[in-house]
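Enquirer: Sharing a model that was predicted from the sequence below.
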Amino acid sequence: MQRFITQSIRSVFPRVPIAYPQRLKFASPLSRAQHVVPLSRRNFANSPTLYKKKDKAKKSPAPEPEESASIPTEDPFDLSKLHDGISAAVTRLKDDLSKLRAGGRFNTTLLEGLKVQLSKESKDSVKLGDLAQVVPKGGRMVTLLAAEEDHLKPLTSAIVSSNLSLTPQPDPHNPLQLNIPIPPPTKESRDKNVQAAKQAFEKASSVVRDSRGAMHKRLQDMQKKKLARPDDVRKAHDQMEKVTEQGQKEVKDAFDAAKKTLEQA
């Protein structure tokens, strides 16, 4: 076959030498494999997986912003203590005024609150209201009904030694009853009662001022320590002044009404 191909080529190209490829001889199958050109390979680098960086903020708590210090933590409009102080002052004033003689009428609570010493050997005392019943009879008379006849003498001593200017008298029909006439008011007694009412008024007015001072100090501390907004503190201060003014008015009205009644008695 090779000879036929050669003759065909020479008939066409008579002068061109023909070179035949030589076969490669390998000593062993291993040497032949060494001449095999390997396929192109892509080497992949074994690089470590990229991890997301840890958030440093999670390790330690984030510092609070500076503005958090200005966030209100207390209510400047809480005036409950001021209201309570004023209410207590007005209630105490009205109670003190009610214990005074008014229009010729006698307040029985004055008798009921007297201390009675049942025995000379003992210093213990008992309220008169726990030993006897005080009953106003209208007009200018008060009766006292004792629970035991042995209590009449210590009851009489307690009433006479008081500053009420009263003289109990035994009732001829009931051995357990004492009749206490109420003397008509005099100019001296009126002036004394008015002076006592004035002292009660001044005391109540002082309590209102003290309650206002405590509230004012609280608002100043809240503003100094930035526990409330400055605008809220100013508004609360205005409300405080209005509540205090109203409280003083209630105290004065109660005193003026009592004074008028006492002077006309």
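Expert: Perfect, thanks for sending it.

Enquirer: Cross-check the contact I'm expecting between N107 and D96.
Expert: No - taking Cβ atoms under 8 Å as the definition, N107 is not a contact partner of D96, at 10.7 Å. (Glycine included, C-beta is placed from N, CA and C.)

Enquirer: Name the residue in the two with the higher neighbour count.
Expert: Taking neighbours as other Cβ atoms under 10 Å, N107 and D96 compare with D96 leading, 18 against 15.

Enquirer: Identify the residue spatially nearest to that one, adjacent ones excluded.
Expert: Distances taken as Cβ to Cβ, 6 or more residues apart in numbering place A200 nearest to D96, at 4.0 Å, with adjacent residues excluded.

Enquirer: Return the residues in contact with the one you found.
Expert: By Cβ atoms under 8 Å, 6 or more residues apart in numbering, the contact set of A200 is R92, L93, D96, L97, F255.

Enquirer: For the fourth one, identify the helix or strand it belongs to.
Expert: Pointing back at L97 there. Per DSSP states H and E, L97 falls inside helix 80-98.

Enquirer: Now the helix or strand following that helix: buried residues?
Expert: Next along the chain after helix 80-98, taking DSSP H and E as the criterion, comes helix 109-112. For helix 109-112, burial by neighbour count (16 or more other Cβ atoms under 10 Å) applies to L110, L111, E112.

Enquirer: Could you give the number of residues near the closest residue to the first one other than its chain neighbours?
Expert: Counting by Cβ to Cβ, 6+ apart, the nearest residue to L110 once its immediate chain neighbours are dropped is K99, at 5.6 Å. Taking other Cβ under 10 Å as the criterion, the count of residues near K99 is 15.

Enquirer: isn't K99 right next to T108, touching?
Expert: No - in this structure K99 lies outside contact range of T108 using Cβ under 8 Å: 10.0 Å.

Enquirer: quick one: the helices in the stretch 151-265 of the chain?
Expert: 152-160, 187-224, 230-263 (DSSP state H, counting those that start in this stretch).

Enquirer: Make TSV from those and add mean pLDDT and distance to Q177 to it.
Expert: Below are those laid out as TSV (pLDDT from 0 to 100; distance: least, Cβ to Cβ, whole Å):
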stretch	mean pLDDT	distance to Q177
helix 152-160	93	9
helix 187-224	93	26
helix 230-263	94	30
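
Enquirer: Which one, of the ones you listed, ends up nearest to V135?
Expert: helix 152-160 (14.0 Å; Cβ to Cβ).

Enquirer: Let me see the domain layout of this structure.
Expert: 76-93+186-263, 105-181 (automatic domain parsing).

Enquirer: Buried deepest among these, which one?
Expert: domain 76-93+186-263 (a mean of 16; mean count of other Cβ atoms under 10 Å).

Enquirer: Contact partners for D75?
Expert: Residues near D75 by Cβ under 8 Å, 6+ apart: A228.

Enquirer: Give me the local confidence score for it.
Expert: The model reports D75 with a pLDDT of 90.

Enquirer: before we move on, what about I5?
Expert: Looking at I5, its pLDDT is 56.

Enquirer: which residues does Q223 contact?
Expert: Contact analysis of Q223 by Cβ under 8 Å, 6+ apart lists P230, V233.

Enquirer: let's see 6 Å
Expert: With contact taken as Cβ atoms under 6 Å, 6 or more residues apart in numbering, Q223 is in contact with V233.

Enquirer: from here on, count from 17
Expert: Sounds good: first residue 17 from here, last item Q239.

Enquirer: Report the separation between it and Q255.
Expert: 15 Å (Cβ to Cβ, to the nearest Å).

Enquirer: ditto for V150
Expert: V150 is 45 Å from Q255, by Cβ to Cβ.

Enquirer: got it, and L160?
Expert: From L160 over to Q255 (counting by Cβ to Cβ), the distance is 50 Å.

Enquirer: Over to D248?
Expert: 10 Å.

Enquirer: again, but for I102
Expert: I102 is 13 Å from Q255, by Cβ to Cβ.
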